[in-house]
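1. no FASTA, just this:
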């Protein structure tokens with residue numbers, strides 16, 4: 001009886017694997033719909049739904065995506081943003097489905113619950129390209145991201161070098177400003193910082209705080225509280241994004257400590273105000289996650305999927321790696337990031353046309 005049970009399990013597993021392989025041999029649309037059909041109106045229509053326009057970078061995401069999608073043959077691009085409100089995002093996502101989007105590029109407000117939107121899209125035969133922040137526990141079709149896993153690593157490496165140059169040893173109090181609680185990107189960004197702190201006994205993580213909506217004002221408040229609690233003995237503040245780093249700088253300014261010789265400050269997104277802070281010596285580094293390449297790749301993928309529903313995704317898009325989201329290994333395209341400091345502003349954000357030198361070095 002035991003042998004028969006084992007044999008039955010093996011047969012079921014082999015059958016399941018065979019069905020999976022067979023399903024993957026078809027086009028992506030057939031894999032979503034099965035025996036059902038979706039009417040083809042001959043119009044290439046893609047949606048692009050961001051979680052917010054709060055950060056400066058998202059204007060670039062929007063404009064670059066629309067430009068490239070239209071250049072590649074999209075007849076219509078439906079754009080919207082959700083004000084960091086997951087209920088508002090769900091409503092706008094459903095509206096894109098109603099408007100007949102073939103593919104929706106989605107940056108989720110809540111990476112833990114956005115799987116519901118993926119499921120709704122798939123039920124309608126619409127592919128979802130996951131943008132920037134990984135949607136957890138879903139069978140999302142494709143993930144486009146900058147090298148999120150390297151953000152905290154680069155921040156941590158720069159912090160260690162700063163301690164060596166400014167303190168003579170890697171020893172001091174560190175504040176970590178995380179983004180949205182539970183957000184997959186916030187977790188990915190933070191891990192490299194946590195690993196760095198764990199590697200050096202002299203570093204003490206005195207604050208590790210998440211912030212709703214990636215709020216700069218809440219990050220400023222967290223930094224103010226840390227300065228008060230530790231009698232201004234804060235040596236490093238590392239933020240998941242530029243907005244929160246700017247909040248930290250404002251808190252340090254109030255104490256006369258916004259000086260990179262006194263406190264290491266790192267952000268990520270290369271917003272204009274942060275580039276000015278770096279030029280002024282108030283912030284040490286920022287991570288330039290090149291936005292245009294990410295938006296361009298997302299547009300290419302979305303239009304290619306819309307034009308080729310009868311082909312598997314891995315034949316349409318050049319996959320960099322596969323990332324486990326808790327349910328599936330998601331095919332992923334990764335774009336590069338670089339560290340920006342006082343010495344290389346001109347060679348990075350200015351050379352890439354992300355900011356004008358006159359804007360960074362203005363007296364405003």
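-> Nice, thanks for sending it over. As the structure is a computational prediction, the values presented were derived from the model and not from experiment. Residues are numbered from 1 along each chain as shown.

2. For this structure, which segments are assigned as helices?
-> Assigned by DSSP state H, the chain shows helices spanning 2-25, 28-33, 57-71, 86-98, 115-123, 148-166, 184-199, 216-229, 242-254, 272-280, 291-307, 313-316, 357-360.

3. Out of the ones you listed, which is the most enclosed?
-> For the helices of the chain, the largest average neighbour count (mean count of other C-beta atoms under 10 Å) is found in helix 242-254, namely a mean of 25. For the C-beta atoms, the positions are set from N, CA and C on the backbone; glycine is no exception.

4. nearest to residue 174, of the helices of the chain?
-> helix 184-199 (5.9 Å; C-beta to C-beta).

5. Need the contact partners of the closest one.
-> Contact with helix 184-199 is made by 111, 132-136, 145, 148-157, 159-160, 174, 176, 178-180, 203-205, 208, 210, 214, 238, 240-241, 268, 325, as judged by C-beta atoms under 8 Å, 6 or more residues apart in numbering.

6. can you do 7 Å?
-> Contact partners of helix 184-199, identified using C-beta atoms under 7 Å, 6 or more residues apart in numbering, comprise 111, 132-134, 136, 148-149, 151-153, 155-156, 159-160, 174, 176, 178-180, 203, 205, 210, 238, 240, 268.

7. shaky segments in the stretch 151-300 of the chain?
-> Along the stretch 151-300 of the chain, no part satisfies pLDDT under 70.

8. gap between stretch 281-291 and the chain center?
-> Put simply, stretch 281-291 sits 16 Å off its chain's centre (C-alpha atoms, centre = their mean, to the nearest Å).

9. Which positions within that stretch qualify as buried?
-> 282, 283, 284, 285, 286, 287, 288, 289, 290, 291 (16 or more other C-beta atoms under 10 Å).

10. and if you look at stretch 165-172?
-> Neighbour-count burial for stretch 165-172, counted by 16+ other C-beta under 10 Å, picks out 170, 172.

11. that older thread, would you turn the helices of the chain into TSV with distance to residue 104?
-> TSV is the format used below for these (distance: least, C-beta to C-beta, whole Å):
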stretch	distance to residue 104
helix 2-25	22
helix 28-33	13
helix 57-71	12
helix 86-98	5
helix 115-123	6
helix 148-166	21
helix 184-199	18
helix 216-229	29
helix 242-254	26
helix 272-280	30
helix 291-307	8
helix 313-316	15
helix 357-360	33
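
12. Looking at those, which is nearest to residue 42?
-> That would be helix 291-307 among the helices of the chain, by C-beta to C-beta, at 11.1 Å.

13. residues making contact with stretch 152-167?
-> 169-172, 189-193, 195-196, 200, 236, 238, 261, 264, 266, 284-285, 287, 339.

14. ok, back up a step: tell me which of the helices of the chain lies nearest to residue 333.
-> So among those, helix 291-307 is nearest, using C-beta to C-beta, at 5.5 Å.

15. What helices and strands are in contact with that closest one?
-> If you count contacts as 3 or more C-beta pairs under 7 Å, 6 or more residues apart in numbering; DSSP states H and E, helix 291-307 packs onto strand 45-50, helix 57-71, strand 103-106, strand 127-131, strand 142-146, helix 313-316, strand 329-335.

16. what angle sits between that helix and strand 45-50?
-> Helix 291-307 and strand 45-50 are oriented at 140 degrees to each other (axes from the mean of the first three to the mean of the last three C-alpha atoms, to 10 degrees).

17. picking that back up, mind checking which of the helices of the chain is nearest residue 44?
-> Closest approach to residue 44 among the helices of the chain (C-beta to C-beta): helix 291-307, 4.8 Å.

18. Please compute how far that closest one lies from its chain's middle.
-> Worked out by C-alpha atoms, centre = their mean, helix 291-307 lies 15 Å from the chain centre.

19. Output the helices and strands packed on helix 291-307 as CSV; include the columns distance to residue 256 and mean pLDDT.
-> As requested, the helices and strands packed on helix 291-307 are exported to CSV (distance: least, C-beta to C-beta, whole Å; pLDDT from 0 to 100):
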stretch, distance to residue 256, mean pLDDT
strand 45-50, 37, 98
helix 57-71, 30, 96
strand 103-106, 44, 98
strand 127-131, 40, 98
strand 142-146, 35, 96
helix 313-316, 54, 93
strand 329-335, 39, 96
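
20. how about the ones you listed in TSV, adding distance to residue 165?
-> Compiled in TSV, the helices and strands packed on helix 291-307 are given as follows (distance: least, C-beta to C-beta, whole Å):
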stretch	distance to residue 165
strand 45-50	38
helix 57-71	29
strand 103-106	42
strand 127-131	37
strand 142-146	27
helix 313-316	46
strand 329-335	30
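
21. Out of those, which gets nearest to residue 300?
-> helix 57-71 (6.7 Å).

22. If you compare the directions of that closest one and helix 291-307, what angle comes out?
-> Using the same axes, to 10 degrees, helix 57-71 lies at 40 degrees relative to helix 291-307.

23. Can you give the contact residues for helix 57-71?
-> Taking C-beta under 7 Å, 6+ apart as the rule, helix 57-71 contacts 46, 48, 50, 52, 77, 79, 269, 271, 291-292, 295-296, 298-300, 302-303.

24. No more questions from me, cheers.
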